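I'd like to go over a predicted model; first the sequence, then the structure.
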Amino acid sequence: MTGHVTAAHERGVTTLALDAPGSRNALSAGLVAEVSDALADCAKDRAVRAVVLTHTGSTFSAGADLKAPPSPYAFVSLLRQIVELPKPVVARVTGHVRAGGLGLLAACDVAVAGPEADFALTEVRIGVAPAMISLTLLPRLEPRAAARYYLTGERFDAAEAARIGLVTQAADDVDAALAPVLDGMRRASPRGLAEAKKLVTARVLETFERDAEDLVQRSASLFASAEAREGMTAFLERRDPVWVL
């Protein structure tokens, strides 16, 4: 593959790497489209038993690309595509994850994060809120932790991410931790995996059916607000927005 996503295949596992380190793997329209196309190819390929979603560079994803964002519907569609893919999607995280990147991570079935990983829901600091990514985050996160990190934008580490349900495991050696997970998936039947995934994702998909349109509209309204314009301008200018006390 070319562009912002690279692919490699080994023993039934296709690894898709977000490969736009110059933009910290920000979720641009182009990157979202490429990930979606790659997942569609994996869904059709009988040789693919599982998908690993990872990254190049020191950042898994910095969240939405403020200069070239995807449409809200395209991003929600990608989140749902990961959840509905008839093959497990496993996140391998060895770097920073911010904002929309956490929604991508939460859409995955299994996630393992290394000691270099850290996380933050930074939306409130630029005048918006984690609206669309709530579709995948809120069914997984411990409620008190969700409230804290939604409201403060604080950074937290891999151990905390595991404690609150964002990732499956924090590990000193991510690849060693993933080895038995991927071996188990290689030993599973394709139909067994697909049907088992339906069971564990049913509650997440209920949120899409119930809330997706409302959250898309809410996100669009927030991003069109004066506060968001100030917040995004301040971010790009590397200064505090006017509301910081």
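Here it is on my side, so go on.

what's the longest helix seen in the chain packed up against?
Using DSSP state H to define each element, the chain has its longest helix at helix 190-223. Contacts defined by 3 or more C-beta pairs under 8 Å, 6 or more residues apart in numbering; DSSP states H and E place helix 190-223 against helix 72-84, helix 134-137. From N, CA and C alone the C-beta is placed, and that goes for glycine too.

try 6 Å this time
Counting by 3 or more C-beta pairs under 6 Å, 6 or more residues apart in numbering; DSSP states H and E, the packing neighbours recorded for helix 190-223 are helix 72-84.

quick check: buried residues in the helix it packs on?
Buried positions in helix 72-84, judged by neighbour count with 16 or more other C-beta atoms under 10 Å: 72, 75-76, 78-84.

next: stretch 150-169.
Buried residues in stretch 150-169 (16+ other C-beta under 10 Å): 150, 153, 156, 158, 160-162, 164-169.

same question, stretch 100-115
Per 16+ other C-beta under 10 Å, stretch 100-115 contains these buried residues: 100-114.

so where do the helices sit in the protein?
Under the criterion DSSP H, helices of the chain are mapped to 29-44, 72-84, 100-107, 134-137, 143-152, 158-164, 174-187, 190-223, 226-236.

any idea how far His9 is from Arg218?
39 Å (C-beta to C-beta, to the nearest Å).

quick one, which of the two is more surrounded?
Using other C-beta atoms under 10 Å as the criterion, Arg218 and His9 rank with Arg218 on top: 17 against 12.

enumerate every residue touching the nearest residue to the more buried one once chain neighbours are set aside.
Among residues not flanking Arg218 along the chain, Ala131 sits closest, at 4.9 Å (C-beta to C-beta, 6 or more residues apart in numbering). If a contact means C-beta atoms under 6 Å, 6 or more residues apart in numbering, then Ala131 has 215, 218-219 as its contacts.

now Ala20
Residues near Ala20 by C-beta under 6 Å, 6+ apart: 4, 31.

ok and the longest helix of the chain relative to helix 72-84, angle-wise?
Helix 190-223 and helix 72-84 are oriented at 160 degrees to each other (axes from the mean of the first three to the mean of the last three C-alpha atoms, to 10 degrees).

now do the buried residues in helix 190-223.
193, 197, 201, 204, 207-208, 211-212, 215-216, 218-219, 222-223.

how far away from the center of its chain is that helix?
For helix 190-223, the separation from the chain centroid amounts to 13 Å (computed by C-alpha atoms, centre = their mean, to the nearest Å).

coming back round to it: just put the helices of the chain in a markdown table and tack on distance to Val93.
Converted to a markdown table, the helices of the chain look like this (distance: least, C-beta to C-beta, whole Å):
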| stretch | distance to Val93 |
| --- | --- |
| helix 29-44 | 15 |
| helix 72-84 | 15 |
| helix 100-107 | 7 |
| helix 134-137 | 15 |
| helix 143-152 | 16 |
| helix 158-164 | 8 |
| helix 174-187 | 7 |
| helix 190-223 | 19 |
| helix 226-236 | 23 |
